[in-house]
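**Q** take a look and give me a structure for this.
(chains A and B)
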Amino acid sequence: MDFSYTEEQQMLQESVQKFVQKSYEFDTRNKIIASETGFSEENWQLFAELGWLTVPFKEEDGGFGGSAVDLIVMMEEFGKAMLVEPFTSTTVICGGLISALGSDEQKAELIPQILDGSLQLACAYAESGSRYNLASVEAKAVVEGGSAKISGKKIAVINGSNAGKLLVVARESGAESDRDGISIFIIDGDADGVSRSAYANIDGKKAAEITLDSVTVPESQRLGATGSAISALEEVIDRATIGISAEAVGALESLLQKTVEYSKTRKQFGTSIGTFQALQHRMADMFIECQLARSIVIRAAMELDSTASDVEKARSVSAAKSRVGKAIRKVGQEAIQIHGGIGMTEELDVGHLFKRVTALDVMFGNADYHTERFASL
Amino acid sequence: MNADFTTEELAFEQEVREFLDSEFPANLRSKVDAGIRLSKDELVHWQKILYKKGWAAPNWPVENGGTGWTPTQKYIFATEMGLIGAPEPVPFGMKMVAPVIMAYGSEEQKQRFLPDILESNVWWCQGYSEPNAGSDLASLKTSAVLDGDEYVVNGSKTWNTYGQYADWIFCLVRTDNTVKKQEGISFLLIDMKSPGITLKPIVLLDGHAEVNEVFFDDVRVPANNLIGEENKGWTYAKVLLTHERTNISGVPRGKRRLKALKRIAADTSDGNGSYMLHNAAFRKKLAEAEIDLQALEYSELRTLAALSVGKAPGPESSILKIVGTELAQRMDELFVELAGYHCLPFVPEQFEEGFEGESMGPGNSAASALTYFNNRKLSIFGGSNEVQRNIISKAVLGL
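**A** Purely as a prediction, here's the structure:
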């Protein structure tokens, strides 16, 4: 038994740590968020040069190998710094879908552009009525004479406003929650009939609500066979879920560390508040939560890299997201409480970490959703 | 044992209901329902309606223009206000400084300040906390030095709510450095227009600058703005804090929000062809919140019954503060959970007057995370819940 990282994984971790320390301080991040696009193009190009964008891809796609453990090594460091660049949307989700479903031509066209940083993507899957069920799709694609006409409304499309291309999940047949009949189409972000209302999320990431009004694309822009995208979509979102769970673990560890530091320096009643046993026990509990969250994310990542069955893999992902969600509530809220008023201000990073983990709790399903999914699988 | 209102109390309840129904302005009610922040003018407008009715100051004695209500009548009034979402008076004047002026102010101060508070002509704010004096308030450092017939004030205050609207600030200042920290504090009223006062807004996690830092740079304050005696301010402040800690359980507001949660849940798809109101996990949490609300309500009623027979509010109010605020925060979580992905957009302007952009999400869903963030303050302010637990340990359990 050995839980240590390989030499390559250590190098990857150090490379991200170095970048974050040098180029991603809190003030720098605030400037990036305030910019028009809400991410740094310069950083994105650097990620490409450093080979980070290849991490989620298999070797046959020109990637680093696509292991889930590699992914969590990176994402944890991203989480500590609250990175806003659209890594998960472009590489893990959209890259993953293209890799899983795309034809040789589609892969050859798109994957190199992702790897070299010239193409960003966003996946439009969620809808107002879908909650976290990926098979609940109302958006319609009607195919006629070699082209598909897509209409519907998508919400919470992370990176939706910046993406050059969108992967749109739409229904070709079946009733609203049927697993069969769901396809994914590649459309241009600025195609006729696409309207995007951009906004920033509570955690600083840019997103969009997207309305598709008879957007017409050649049938060749479908990813995979007609109406059979759901399994690949679920698998890819599961992988992304483990990625952002690791991101949350990183952010939670930052929250813990900052809270402990603060409790050592903040003086009230003539002593540092960290000397109060009532607070010590709560910080000890925060530490326990962080450790449990880390353990279960590692477990799930190892499971994804193993030969376990699809069901076992899905269960391990839901177990992790559920447990991480619990840790998010506990560690996030305690961090604010122990900081007191200062933890509630925009000027301190603690509040931003709290907002980031709150968003991560919602992404791809909250703790309740994943507990239920775990039980039902 | 019974928890019934008397015939008179029931008639009073009916009167309050009818009054609120006809007089609480419809445009304010719809704003409250839509989660839009009320402006200063709107709050003052509503307060003046209450003033006209003679109900502006339920907690004041009759001779100062109060209602002379029994504790039960006050409770009924607060409950009915909370149930329809009518805002309570901004507390800083009515509930905080006024009781101190009444108890310890000079006759001249009473006549000068109380009528304008009652009529909502003057807006007050609080100058208590400092960057290094939070839970340990008595360690405050802002100084006031007597120079002729004026105090010269230097220092800074923080977590000053709505100071941007305020005409006056009541402050705890240090007037003696040589004694035990509680014994060198005075209670001073300061005109916010005084030269040397500057305000720095503090933006909180919901994107709104609800609080400020207030800086005092050689601010000259007439000595007759001192309340009571010099160096007795801590005693006066403690009285005020007891007032701050009453009515903090928020049961009526909790009931209103519980209703809203049920309404929204009945309308929110679970993604599987049904609605969140029928989702087992969510139902359980909703039920737990309702059960805690019942326990909290009866705890408050028991405290009320004790008050009605003339007992002073004791450390039991700490129970109401802790449970009330933590329950409110749990309800915030439920709103976030219901909103799902719709809680993610950060568009605070959407909940401000005059917003003309495109609204995100159905109903107030995009406000759910903002409220969740903002309400983390509930367990921090008004004596943090840690301080409240200390009070229970010491004063109730004798530890």
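**Q** for residue 305, phi and psi?
**A** Chain wasn't specified; assuming chain A. phi -80, psi 0 (degrees, to the nearest 10).
**Q** that one touches residue A:69, doesn't it?
**A** Yes - counting by C-beta atoms under 8 Å, residue A:305 does reach residue A:69; the two are 5.9 Å apart. Glycine gets a C-beta too; all of them are placed from N, C-alpha and C.
**Q** all strands of the stretch 1-150 of chain B, in order?
**A** Under the criterion DSSP state E, counting those that start in this stretch, the stretch 1-150 of chain B contains strands at B:124-127, B:143-147, B:150-161.
**Q** mind putting the ones you listed in JSON lines, mean pLDDT included?
**A** Shown next, in JSON lines, are those (pLDDT from 0 to 100):
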{"stretch": "strand B:124-127", "mean pLDDT": "96"}
{"stretch": "strand B:143-147", "mean pLDDT": "97"}
{"stretch": "strand B:150-161", "mean pLDDT": "97"}
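**Q** most tightly surrounded among those strands?
**A** strand B:124-127 (a mean of 26; mean count of other C-beta atoms under 10 Å in any protein chain shown).
**Q** other SSEs contacting that strand?
**A** The contact analysis (3 or more C-beta pairs under 8 Å, 6 or more residues apart in numbering or on different chains; DSSP states H and E) places strand B:124-127 against strand B:150-161, strand B:168-174.
**Q** could you identify the helix or strand that succeeds the last one?
**A** Towards the C-terminus, the helix or strand next in line after strand B:168-174, according to DSSP states H and E, is strand B:185-191.
**Q** for that following strand, buried residues please.
**A** B:185-190 (16 or more other C-beta atoms under 10 Å in any protein chain shown).
**Q** same check, this time on stretch A:169-185
**A** A:169-172, A:176-177, A:181-185.
**Q** and that stretch, average pLDDT?
**A** Here stretch A:169-185 scores 96 as its mean pLDDT.
**Q** closest residue of the stretch 1-150 of chain B to chain A?
**A** Residue nearest to chain A within the stretch 1-150 of chain B (C-beta to the nearest C-beta): residue B:136, separated by 3.8 Å.
**Q** from the chain's centre, how far out does stretch B:21-40 sit?
**A** Computed by C-alpha atoms, centre = their mean, to the nearest Å, the chain-centroid distance of stretch B:21-40 equals 18 Å.
**Q** find the nearest non-adjacent residue to residue A:87, please.
**A** residue A:78 (6.7 Å; C-beta to C-beta, 6 or more residues apart in numbering or on different chains).
**Q** okay but that neighbour is in contact with residue A:247, surely?
**A** Yes - Residue A:78 lies in contact with residue A:247 (C-beta under 8 Å); the separation is 5.6 Å.
**Q** looking at those two, which one has more neighbours?
**A** residue A:247 (29 against 24; other C-beta atoms under 10 Å in any protein chain shown).
**Q** these two touch, right, that one and residue A:75?
**A** Yes - between residue A:247 and residue A:75 there is a contact under C-beta under 8 Å: 4.5 Å.
**Q** give me the common contacts of those two.
**A** By C-beta atoms under 8 Å, 6 or more residues apart in numbering or on different chains, residue A:247 and residue A:75 have these common neighbours: residue A:88.
**Q** how about the secondary structure of the residue in the stretch 251-399 of chain B positioned nearest to chain A?
**A** Distances between the stretch 251-399 of chain B and chain A by C-beta to the nearest C-beta are smallest at residue B:271, namely 3.2 Å. The three-state assignment at residue B:271 reads coil, by DSSP: H, G, I helix; E, B strand; the rest coil.
**Q** and the helices and strands packed on strand B:124-127 as CSV, adding distance to residue A:143?
**A** As requested, the helices and strands packed on strand B:124-127 are exported to CSV (distance: least, C-beta to C-beta, whole Å):
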stretch, distance to residue A:143
strand B:150-161, 59
strand B:168-174, 69
